[in-house]
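Peer 1: next input, structure requested:
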Amino acid sequence: MVATVLSKVVAPALNAWLTTLQTGWAESPLAWMVLAATRREIDTTAAPTQTAPAAMRLAATQTVAAAVVNQPPTAQVTFSTPNPLTGLVTGTVVATDPEGVKPTVTLTTKPADGTLVFDATKATFTYTPTTAQRITAGATPQVDTVAMTVTVSDGVNKVPVQVNIPIADIPLVVRTDVPVTGAGAVAATGTRAYVTNRDAGTVTVIDTATSKVIATYAAGSAPDAVAVKQDGTRLYVASSTKNTLTVLDAATGAVKATIAVAKPTAVTMSPAGDSVYVTSYDPAKVLRISTSTNAVATTTAMPTGYRPTGLAVSPDNTRVYVTADAPTGGTSVLTFAPTATTTTVLGKTTSKATVLTVSPDNVRVYVGAEDGTVSVFDTRTKALVGIVPTGGLPTAAVAVTRDGTAFFVTDAAGRVGAFSATTGAILSAMATRATNDVSQRPGVAFNPDATEMYVTDRPAGVVHVVSLTAVNANPVAGVPTKSAPNATTGVITGTLGVTDPNGDPLSYTVTGAPTKGTVVVNANGTFTYTPTAAARHAAATTGATPSLTTDSFSVTVSDGRRGVVVTTIGVDVSPTNVAPTVTKTVGLPNGTTGVVTGSVAATDLDKDVVTYTQGTAPTKGTVTLTATGAFTYTPTAAARHAAQSPTATAADKQDTFTVSVDDGHGGVVATAVTVSISPVNSAPTGGSGSVTQTNTTTGAVTGVLTAVDLDGDKLTFTSATPQRGTLTIGANGSFTYTPTTAARDAASAPNASAAVKSEAIAITVTDGYGGTSTFTLTAPITPYLTGNRPPVAGTATVTSSSSAIGTVTGTVVATDPDGDALTFGLKTGPTKGVVKVDATTGAYTYTPTVDARYAALVTPGVDTDTFTVDVKDAAGASTTATVSVTIVPPSANAVDQRPTSVAIHVPDLLFYSQADLDKALDTLQSVGITDIRVLVPWAAVQPLPGSNDWSAVDRVINGAAARNIKVLGILNSPPVWASVANTLPLAGMPADNAQFAAFAGAAAARYKGKVTAWEVWNEPNAITFWQPGPNAAQYAALLKAAYPAIKAADPDAVVVAASVGSTIDWFGLTVNPVRFVDEMYKAGAAGYFDALSFHPYQYTTPFSQGGYMYESPISQANRIYALMVANGDGNKKIWATEYGEPSSAAGNDNQASYLGDFLRSWRTLSFAGPSFIHTLLDNASTDPAEASFGLFNADWTPKPVVSTVKTVIAENDAIEAAKNASAM
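Peer 2: Numbering: from 1, shown residues only. Predicted structure coming up:
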C-alpha cells in the first residue's frame, strides 16, 4: 500500500520537513501528494494537551464547622400606576427568605386615611385615598405618601415593614380657557357646558371633551340662571327681569316651552331629573315643575316676609333646601319635602347667604355667605356645626367632593379653594383671575363626576375649565398601520396608531366618513375599510390621479378625561377591473393582390369603452386598423414570393401582427392575428453557357452559366452527367469542365472529328421557388500539347489508425506516364476533420473532430470523410486523387473528450479506505460523473530502485473499471532516488528521462484498457512541482521520452501534455503558461502529445467574466490555443484537468455559481476538451480555501454545487442528444 511505503520511505524526510511546510511551502508537492492537488496543504496541527493545575487535583483535607444562624426575611413592594380618576393604587409585598422558606405577610397597621383592602394570602392590597388627601398631595412638589405597616415572618423572625403608599395628586389648575363673550351662569353635563349671556339673550354650548364652542342658542331676554337635565336633553333658562323660565331642546336650541315665574332667583334639577325647582322671589315660593309636562306640579310657599335666594336638592331626592332673606335680617335655611307646600327652618346664618349645597351623604348642608364664610349645618340635628372662613370675599359657589372629605369654594373674585370637610382647614387654592374684582361675580358648575369645574369670567370673556383630577395628557396620534388591500375584496385592515400617555382607555368615533367606501372602527382601535365596487373600478382608470386611487376618514379619539385627538387615515383604493374578452375573424387572401381583411371585436363586462390599436407590426406586410377593430392586411411582393419557395416553412406562408384592446382601466388584451400569404413566382429564362479560359496543359475549360430571373432569385445550375469528362459548377454559375484522359487522347488523334472535340451537356437552371428551365452547354475537349501527359492517380493506402484521437495515416499513390517527379498538395479539405499532406511523398495524417468521432458512435454503418489531393508533374500537368478515410469512433472505455464532458479530479483516492473508495465511486455515478482523474505517483510504486508496488493504484483503477468509470492517470511525483539532487521530496524533476519513460510505459502497459489517457506531469510551470525551477525545454525533453514509451505500450492511449497552471511570471518560481507552452514548442514538443491540459483556477472572478483581464485564465487559454494553431496543432484540444472554487471564498452559493459559470462557459470554447472538477470532498486543512473545494462536505452531505453539477450534466446531455439527432 502507498501509505505503508510512504511511512517507511518518505516519513524520515517528512518529519523533518513539516515545520517548513507550515511556515513556507503551503502548496508543497508533498502536500499535494498526500492530500491531493496543487492547491491543498498538509495540516499537522494537533490538539494541545492541557494539565489541570495541582490545586484542581487536590481534595479538601479540612472541614470547618460553623453555627447556623437563621437570617431574617426581607420584603420589597411593587405598585401599580394610580387610577387618575379615583386615585386607586394596587400593590404587592414581595417577601423572600435566605433559607428558602416562604414568608407570611400580615397587616399590622392601616393607613390613617383612605380605604385599604388587604389580602394576606396573596400579600396584595388595594388602596384608595380620600379626595382631601389627593388635593393636599397636589399642593406639594414632592410625592405624598401614606404609611401602613405589615409584618413579614419566616416562622422564626418577624420583621416589621413600613409600606409608604404613593398618593395620586389632584392639582388645582386651569386646564384651559374657552372664549365665551358675556359669560354668566353655567350648567354642565358629562359632555356639554351651557353658559348664559344676559346681554345677548343667548346660551353658548361648549363641547367639554374638546373645550370648543359648538353652538349658540337664543334663550329669551336677559337669561341669568340655567339648569340642565342630567340626560342632556333639556335646558331650563331663567330670567329674573323677564319673569320667565324658558325650556330649550339642548341638542338643537329649539324652544320647547316658556313658563311664567315671577322674579326667578334660582333654578336647579332634582337628582332623578324628573323635576326642575325654581324660586320665585316675589311672591315668595318654590315651584316644582315636571320635566315631562313642563307644568307646575307643586308650589311651596315661603313663610311670611321671607324671600328665597338659593336652592338645593338632597342627593337622595327627599329634601329641598332654600336660603331665604329673613324679615328680621340675615338668612334662614328652610327645608321641605319635594311635594310639601310649606317649609320648616333648618337654621340661620349671621351673614347674607349667597349659595348652598348638600353633601353626598345628605348629612350636611353647606351655606356660603357674603362675608366670605361657609356655614355647615347638620341636617339630622339642625345644628350649626361649624363656620369656615374662606377668604373674606363673597362666596359664589360651594361643592362637596363625592367622598365628602373636602369641599370646594369659589368666591366672587373667581378664586377657588379646597377645604377639609373634617377640620375646615384649607387644602389648596388657586386664582382664575388676575385681580380680586368682585363687581362681576362668576358662575360656577361642576360636571356630574366632579372631575371638572367651569368658572365663568365675564370681564375676560372666557370660561375657565378647572381640573379636579390628576393632570391629563391628550391622546397622541401616531403612525397608523395598514395592511395591503385584499386582492379579492379590496378590504384594508389596520390600527389607528393612537396612544395615551396616561394609559387611559380610549374610545373611537368616526367623525369624517370615507367617500369611496365604508369603515368600521373597533373598540380596540383597529379598523376595517371596505371600498365600494364603483370606487375600485374608478381607481383602475388608466392614469388615475390620487383623487381616484385614495380615500380617507377621520376618527375622533377620546381618553374619557376630555383628552381628544382627531386622526385622519389615508387608504389606497385597490383597483379592480375585468379585462375585455376578444374574438377575431380572419378572411382568406385575395387571389390577385394577396390582401386579407378581418376584424377584432371585444366585449367588456364593466361596460367600458374599448379602443383598438396596433401592437406588434407584421414583418411581411402592412396593416391598417379602424376604430371598430376592422383591419386590412397587405403582404409585400417579397413575402408572397418567399411563400412560393419549395422549402418554404409554415412560418414563411403566414404573417402575424397584434391588436391591443384597451378598456381604459388597465385591462389591455394583446391579440395575435395570423394571416395567410398567397405565393407567387416567375420561372427563369434565357439560359446559356460561355467558355472564358482553356488550360492547354490540363485540358480544363472554365466558363460561366447564365440565365434571367424576373424575381431576382438566386439561380442554381445542375447538369446531366458528362460522358467524357467531369463538370463542376460553382454557386455563382462558374464551371470547370475537365475531360478524361481518354477523351483528350481521342481529341488528340490525327483527323479527330469536331464531335470528338466537344461534349454537349444538358444544364438545368432552377430559381429555388419551383421555377426551372433547361439549355445545352457545349464543352470543348482540348487535345494534349505535344510531349507531356498528366499523372495517373492510384488508390490511397492506409498505414495506421488510432482510437486515441482518431488519427489515420496513409499515402496518396500516383504515377506519371512520362516518369516525371510528382508533387502533392491538398486541393479540397475534409469536412469532419483536418489533414496534413506531405508534398514530396504524398503521406497524409488525418485527424477527425471530436464531434465527428462521437457522431460515428450513433450513426449506422461506418462514417467516412473525404478530401482531394492535387498531383502535379514537373510540366504542370495534374490530376486529382480522392481519398476516403474512416472516422474512428472513441473506444467504449475512453475518457470522454467532448467539451460537454464533466469529470472530476480526486487525487487522494489512494488513501481512502475500501468502504470510502466504494462510496466515493458510487457517489460520483449518482451525480452523473463517469470520468475521473487519478494520481499514479512514481514514488508510491517504486519508492526504491527495483521495487514495484502497484497495489494502492490497482485498488482505485480496478474499482473505477468495475463501474465503467473512465480514468485519466497523472504521471509524476518521482521518488527521491530518481530525482535530481538538492530538491524537495516528490518535487524534483527526473534525473534520467529514460527512467521516467520506463515507468510511464510500465503504467500504460499495466492499465491498458482501463486507463485510456495519461497526463505527463502536473503543473511543470511552477517550482511547486518542478525543481530546481520550471523549465519548458527540460519538460519538453521529458515529454519526448514519455510519449513514445506510452504509445508503444498502448497505441490507443491519449497523451496529455503540460498540465500548466494559470499563473504569471514570478521571480522564477512560476512561469506564465502562455510563455511556457511557447517555449515547449520551440524545444520541439510538437508531435509528442495528443492534447494539452490547463488549470484555469481564479477564486475572485467568474471564468466567463475574465476576458477584460489580460492574464485571466480565459485570456491565457485563448492565447495558448493561438500558439497551438500557429504550430500546426489547431486540431488538438485543451483539457481543463482541474478547476474548482472554494466555498470559503464567499459561501456555498457562490461556489455553485462559479462552478456553473465555468462549466457552461468552457463548453462553448472551440478548442475545449473535457473539464475536471476539483474535488469530491472537503477536508480538514487549516487553510479555509484548501479545506472547502469539495462538492460534498466532509460528512458526505451534498453542497448546493452538487445540484448545479447535475443540472449542467443534464444540459450537456441534451446538447449531445441534439447533435446525435442531427447526425442521424
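Peer 1: list the buried residues of the top helix by length along the chain.
Peer 2: If you go by DSSP state H, the chain has its longest helix at helix 1200-1223. The neighbour-count check on helix 1200-1223 (16 or more other CB atoms under 10 Å) flags 1200-1202, 1204-1206, 1208-1209, 1211-1212, 1216, 1219 as buried. To be clear about C-beta, it is placed using only N, CA and C from the backbone, and glycine gets the same treatment.
Peer 1: likewise stretch 401-421?
Peer 2: By neighbour count on 16+ other CB under 10 Å, the buried set for stretch 401-421 is 401, 403-421.
Peer 1: cool, stretch 355-363 as well?
Peer 2: Buried residues in stretch 355-363, counted by 16+ other CB under 10 Å: 355-360.
Peer 1: and the contacts of that stretch?
Peer 2: With contact meaning CB atoms under 8 Å, 6 or more residues apart in numbering, stretch 355-363 is reached by 310-316, 318-319, 321, 323, 333, 364-368, 378-380, 395-404, 407, 421.
Peer 1: narrow these to those in strands?
Peer 2: Mapping the contacts of stretch 355-363 onto strands (DSSP state E) picks out 310-313, 321, 323, 333, 364-368, 378, 395-400, 407.
Peer 1: looks to me like residue 1107 is in a strand.
Peer 2: No - checked against DSSP: H, G, I helix; E, B strand; the rest coil, residue 1107 lies outside a strand; its state is helix.
Peer 1: give me the element the residue nearest to it when sequence neighbours are not counted is part of.
Peer 2: Leaving aside its chain neighbours, residue 1107 sits nearest to residue 1114 (5.7 Å; criterion: CB to CB, 6 or more residues apart in numbering). Using DSSP states H and E, residue 1114 maps to helix 1113-1126.
Peer 1: roughly how far out does that helix sit from the chain middle?
Peer 2: From the chain centre to the centre of helix 1113-1126 is a distance of 42 Å (CA atoms, centre = their mean, to the nearest Å).
Peer 1: so what does residue 246 look like in phi/psi?
Peer 2: Main-chain dihedrals, residue 246, degrees, to the nearest 10: phi -100, psi 130.
Peer 1: tell me what it is bridged to.
Peer 2: residue 237, residue 258 (DSSP bridges).
Peer 1: if I pick it, what's in contact with it?
Peer 2: Contacts for residue 246 (CB under 8 Å, 6+ apart) come out as 219-220, 223, 236-239, 255, 257-259.
Peer 1: what's the most distant pair in those?
Peer 2: Taking CB to CB, the two most distant members of the contacts of residue 246 are 223 and 257; they sit 14.9 Å apart.
Peer 1: what is the three-state secondary structure of residue 657?
Peer 2: Classification of residue 657 using three-state DSSP returns strand.
Peer 1: does it touch residue 625 like I think?
Peer 2: No - counting by CB atoms under 8 Å, residue 657 stays clear of residue 625, with 9.1 Å between them.
Peer 1: who touches both of those two?
Peer 2: By CB under 8 Å, 6+ apart, the residues touching both residue 657 and residue 625 are residue 614.
Peer 1: that older thread, and which of the buried residues of helix 1200-1223 is nearest residue 902?
Peer 2: The closest of the buried residues of helix 1200-1223, once distances to residue 902 are taken by CB to CB, is residue 1209, at 5.4 Å.
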